[in-house]
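Q: Pasting the sequence and the predicted coordinates here, then a few questions.
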Amino acid sequence: MENKKLLYYVQCLRGLASLLVCGFHTRYWINLNDNSELGNFLFGKGVYGVELFFIISGFIMIYTTKDNYLQSQYKYSISFIKKRIIRIVPLYTILTIVWYIIFIDSFNWNVFIKIIKSIMFIPYNEFPILYLGWSLNYEMFFYLIFAISLLFGHYKYKVLLIFFMIFISLQHFKYQNSYLNMISSFQLNYFLVGVLLGLFRKKIIINNSQISLTLFTVSMFILILFLFNYVKINNKISLLLFFTFIVYSVINFDFSQIKINLNALYFLGNISYSLYLFHPFIPNLLMNHFNIFPGIFNNDLFNYFFYILMILSIILFSYILFQFIEKKLSNELKNFLKLR
C-alpha cells in the first residue's frame, strides 16, 4: 500500500480558492464609486474558486481511498460517509441556524421546510438559507455516489465512472425537478476530472522537477492572467479543461522534489471550509446591523484599509471556527463513533 504524502500545494490551491470566493462576495466593498472597478478587477472571477474546490474534491477522494481494500466493503463505505458527514454537516448546520437567527426575521412553514432542506442538502428552486450551501449540495451528492461505489470493492471506480456517464447523458435535457437539475448539471464534470486525475495520477506525473516547476509556474501565470481578465475563457468545455490543467500542474508539483514556502496559502487551505462558510457573515452584519456600507468613508485610502481589516477579521474568526468548532467537534464525533 502506498504511503500517502502530504499534498502541500493542493492544500495551498484550496486556500487560494477559498480566498477567491471570499473576494468575489466582498468585491463591492472596494468598488468605491461609480468609476471604480477595482473589486471586479481583483475578484470578479473569484467565483471560479468553487470549480477548483470540486476538482480537488474528486482528486482527494481517489487519492485517499485508491489503495484501501478492506474485507468488509460495507463497513468501509459506511465509515467513509460517516467521516464526510462529520466533516461537513456540524459546522454547516450551526452556521445555517446562526444565519437564520441573525438575518431572517420571519418564521413560517415554508421557512421551516427551507431550513430542513438546507441542512439535509436537498436542492430546491432557491438558494439554501446560508446561500453558500448550494455547492455543498453537489459535494454531498458526490460523496453519496462515491460511498455507493465503494460497496463494489475492486470494481468501485468502474461503478463510479458509470455513475458519471449517466449524469453526463442527462446533461442533454432540461428538467423541472431541482434534484434532476443538480444531477444533470455540468458542475459534476469538475468532480469527474478530479476523479480521473486521481485514477491516472501515477501515469501522468512527470518525474522531472524542473519540468514540474516550469509547468507549475506557467499554469499559475496563466491563472493570474485569467483572474485579472487578460485571458478570456467563456466556453464551458474550455473552462473545464483550463481548471483541469491548473489542478494537474499543482498535483504534479506536489510530487516533485522542489519546495516553495507558501505557508500563508497553506494556512488558508487548512481553514478553507470555515472560511468558505463564514465569510459572508461579517459584511452582512456590518450592513444590516451596523449600517456600515461599501465606500462609507470619504477617503479612498480609509476604504481600502477598512476592506483589508474586514478580510483579516473574516480570516481570524474563520480560524477560531476551525479550531474550536470544525476541528474540535469533528474529533469529538470521530471518537464518539470510534472512527479512525
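A: Nice, thanks for sending it over.
Q: How about S272: what's its closest non-neighbour residue?
A: S18 (3.8 Å; C-beta to C-beta, 6 or more residues apart in numbering). Yep, even glycine has a C-beta here, placed from its N, CA and C like the rest.
Q: How many residues are close by that neighbour?
A: Using other C-beta atoms under 10 Å, S18 has 28 other residues around it.
Q: again with G295
A: 16.
Q: I'd guessed it sits against F306; true?
A: No - using C-beta atoms under 8 Å, G295 makes no contact with F306, being 9.5 Å away.
Q: Can you work out which residues contact both of those two?
A: Listed as contacting both G295 and F306 by C-beta atoms under 8 Å, 6 or more residues apart in numbering are W29.
Q: which regions of the chain lie under the pLDDT threshold?
A: Scanning the chain for pLDDT under 70 picks out the ranges 1-4, 32-36, 67-72, 340.
Q: Which of the three states applies to the residue nearest to the spatial centre of the chain?
A: The residue lying closest to the centre of the chain (C-alpha atoms, centre = their mean) is F53, at 3.5 Å. Going by DSSP: H, G, I helix; E, B strand; the rest coil, the secondary structure assigned to F53 is helix.
Q: separation between the closest residue to it other than its chain neighbours and I55?
A: Leaving aside its sequence neighbours, F53 sits nearest to A17 (C-beta to C-beta, 6+ apart; 5.3 Å). Plainly put, A17 is 10 Å away from I55 if you go by C-beta to C-beta, to the nearest Å.
Q: counting contacts, what elements does the helix ranked longest in the chain pack onto?
A: As assigned by DSSP state H, the longest helix anywhere in the chain is helix 73-103. For helix 73-103, the elements it packs on are helix 109-119, helix 133-150, helix 272-278, helix 281-289, helix 328-336, judged by 3 or more C-beta pairs under 8 Å, 6 or more residues apart in numbering; DSSP states H and E.
Q: Now do the same contact list for the residue nearest to S272.
A: With C-beta under 8 Å, 6+ apart, S18 has these contacts: G49, F53, L268, G269, I271, S272, Y273, L275, Y276.
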